[in-house]
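Trainee: Predicted model follows, preceded by the sequence.
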There are 2 protein chains.
Amino acid sequence: MKQRPLREDPYHKLREAIVSGQFHPNERLVEAAIAERIGAGRTAVRAALVRLDQEGLVELERNRGARVRHISDGEALEIEEVRAVLEGMLARRAAARITAEGLRALRHVMTQMRERVEAGDSIGYSELNATFHQNIWTAAGHPTASHLVGGLKSQGIRFQYQTALRPGRAERSLREHETIFAALKAHDGDAAETAMREHLAEVLDTLRWAIDSQHRTARWLPG
Amino acid sequence: MKQRPLREDPYHKLREAIVSGQFHPNERLVEAAIAERIGAGRTAVRAALVRLDQEGLVELERNRGARVRHISDGEALEIEEVRAVLEGMLARRAAARITAEGLRALRHVMTQMRERVEAGDSIGYSELNATFHQNIWTAAGHPTASHLVGGLKSQGIRFQYQTALRPGRAERSLREHETIFAALKAHDGDAAETAMREHLAEVLDTLRWAIDSQHRTARWLPG
DNA sequence: ATCCTCAATAATGTCGACAATTCGGCAAGG
DNA sequence: CCTTGCCGAATTGTCGACATTATTGAGGAT
């Protein structure tokens, strides 16, 4: 019995390549090329593409092949909106069910986040941010919602770098996380949901700002 | 250029067969058998199974084939919970954006629902119920959330018959819908979200009741 | 110069065959 | 009687070949 390393699975390999930005949005994904690139047969690649299409990372058109799905600005906002309500629900549940163990893990992550902010390391902070949220999903014990949120996150990942660039965002974000943590520690479901939704409303605002400033610079250059 | 009738697409055919209950939960789905049954090649059936697996209607195990996914009671409750927050959000948005046209369509559906209740036609009412909610999704203009809710709905469909059986459920449900409609008509987002969430909390309670009574009768018969 | 036609090309969709794997039964051994 | 190992049927996974379909580009007519 040999275990199957997930990293060798064509689906995961291709998914990782797309999410990590190795393919540009709207770039065509030719089955034969992908097959050779990741060292798999065309059949397996096909199956992977079907899954990724269903997942929303790839767009599959009959007889016209696959391309990396381009997430429009508006869609990114929609995704963030849905994330907000789902994570709000997860935070509420987490407040009711989180254990001492879970709280300790969260506190540990927050300590690291504080370090990253003080060091001015935006990208390191961003990764810890993801860890923080994932810990909450785990504590919530709600596979259905976690699965959905995970899928949304992978779609919106292209925009996550942009939000980190806003001046002063990290400090503010850190305070918001502390509020969430306090609510969880107090097992206050209402407060946890509210704090999480406010936090993600802030993220949404930042995203709007990032998109706006993008449009502004885009008009400056060619004009 | 010939249009492709969706009903002939193996994916939709198989999906419809599963959702409509032509296969039991946990029933094995042998590729060759399905292929012959719906008149398609094994390749197409394979692709359909992959999609349905990603969608959560089918469970695909490596080298062990596919089976209809069994949604446990707990999972059904989780699904309903997620549906509640998502539809709540959609109702809020719908309140802000619904047109006179959309309101008229909703009113028409509600009239029919009233008729079905008075006629004691639970199953007809249930279908109109689905239509009512779909109209709200449309009015909300939020493809991302609508898509997710649609997927959840198909997973939980097995339980929807059970909830309709509770005595007096239909009348109460009708009143709840009227409340939602009033909030939409008044373009009151807060009220719409609250009404929708309360409505679906009721549905969730009814579902808990259905599951409980199921367990009771299950223990009576063999005990 | 522009538009249309049509062949050449490249990619996808489908099929059949074969290899790999799982599962059930059956017999040998403890 | 129970466990273990092995064989065979059934099913899935993969590959290669071929049909089908879009796309591209050249050439000719207006």
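Mentor: That came through fine.

Trainee: can we go C-alpha only for contacts and neighbour counts from here?
Mentor: OK.

Trainee: How many residues are close by A:G88?
Mentor: 25 (other C-alpha atoms under 10 Å in any protein chain shown).

Trainee: Give me the secondary structure label for the nearest residue to it once chain neighbours are set aside.
Mentor: Counting by C-alpha to C-alpha, 6 or more residues apart in numbering or on different chains, the nearest residue to A:G88 once its immediate chain neighbours are dropped is A:E193, at 4.4 Å. Secondary structure, DSSP: H, G, I helix; E, B strand; the rest coil: A:E193 is helix.

Trainee: what's the spacing between A:A33 and A:A44?
Mentor: 13 Å (C-alpha to C-alpha, to the nearest Å).

Trainee: In terms of packing, which of these two has more residues around it?
Mentor: Neighbours were counted for A:A33 and for A:A44 using other C-alpha under 10 Å; A:A44 has more, 15 against 12.

Trainee: the inter-axis angle of the host helix or strand of that one versus helix B:42-55?
Mentor: Remark: A:A44 resides in helix A:42-55, with elements defined by DSSP states H and E. With axes from the mean of the first three to the mean of the last three C-alpha atoms, to 10 degrees as the basis, helix A:42-55 and helix B:42-55 are set at 40 degrees to each other.

Trainee: Counting neighbours, which bits of helix A:42-55 end up buried?
Mentor: Using 16 or more other C-alpha atoms under 10 Å in any protein chain shown as the burial criterion, the residues of helix A:42-55 that qualify are A:42, A:45-55.

Trainee: Any chance you could list what contacts the host helix or strand of A:T131?
Mentor: Here A:T131 sits within helix A:122-140, counting by DSSP H and E. With contact meaning C-alpha atoms under 8 Å, 6 or more residues apart in numbering or on different chains, helix A:122-140 is reached by A:87, A:90-95, A:97-99, A:102, A:105-106, A:109-110, A:112-113, A:116-117, A:146, A:161, A:164-165, A:170.

Trainee: count of neighbours near whichever residue of chain A sits closest to DNA strand D?
Mentor: Nearest to DNA strand D, among the residues of chain A, is A:G41, at 3.3 Å (C-alpha to the nearest atom of the strand). Using other C-alpha under 10 Å, A:G41 has 14 other residues around it.

Trainee: Then A:G141?
Mentor: Around A:G141 there are 15 residues (other C-alpha under 10 Å).

Trainee: And for A:A40?
Mentor: The number of residues packed near A:A40 is 15, by other C-alpha under 10 Å.

Trainee: got the contact list for the residue nearest to it when sequence neighbours are not counted?
Mentor: Closest residue to A:A40 apart from its sequence neighbours, by C-alpha to C-alpha, 6+ apart: A:P10 at 6.7 Å. A:P10 makes contact with A:38, A:40, A:44-45, A:48 under the criterion C-alpha under 8 Å, 6+ apart.

Trainee: Next, work out how far apart A:P10 and chain B are.
Mentor: Remark: distance between A:P10 and chain B (C-alpha to the nearest C-alpha, to the nearest Å) = 14 Å.

Trainee: pretty sure A:D190 is touching A:R93, no?
Mentor: No: counting by C-alpha atoms under 8 Å, A:R93 is not a contact partner of A:D190; they are 9.6 Å apart.

Trainee: Have a look at those two and say which one is more surrounded.
Mentor: Per other C-alpha under 10 Å, whichever of A:D190 and A:R93 has more neighbours is A:R93, with 24 against 16.

Trainee: Show me how far stretch A:30-44 is from its chain's centre.
Mentor: With C-alpha atoms, centre = their mean, to the nearest Å as the basis, stretch A:30-44 stands 27 Å off its chain's centre.

Trainee: I figured A:L52 hits A:A17, correct?
Mentor: No: counting by C-alpha under 8 Å, A:A17 is not a contact partner of A:L52; they are 11.9 Å apart.

Trainee: if we can go back for a sec, contacts for the helix or strand that the helix holding A:T131 is followed by?
Mentor: Where DSSP H and E defines the elements, the next helix or strand beyond helix A:122-140 is helix A:143-163. Residues from elsewhere that reach helix A:143-163, judged by C-alpha under 8 Å, 6+ apart: A:19, A:21, A:55-57, A:71, A:76, A:79-80, A:83, A:86-87, A:90, A:123, A:137-138, A:169, A:203, A:206-207, A:210, B:75, B:78-79, B:82.

Trainee: One more pass at 7 Å, please.
Mentor: Applying C-alpha atoms under 7 Å, 6 or more residues apart in numbering or on different chains, the contact partners of helix A:143-163 are A:19, A:57, A:76, A:79, A:83, A:86, A:137, A:206-207, A:210, B:78-79, B:82.
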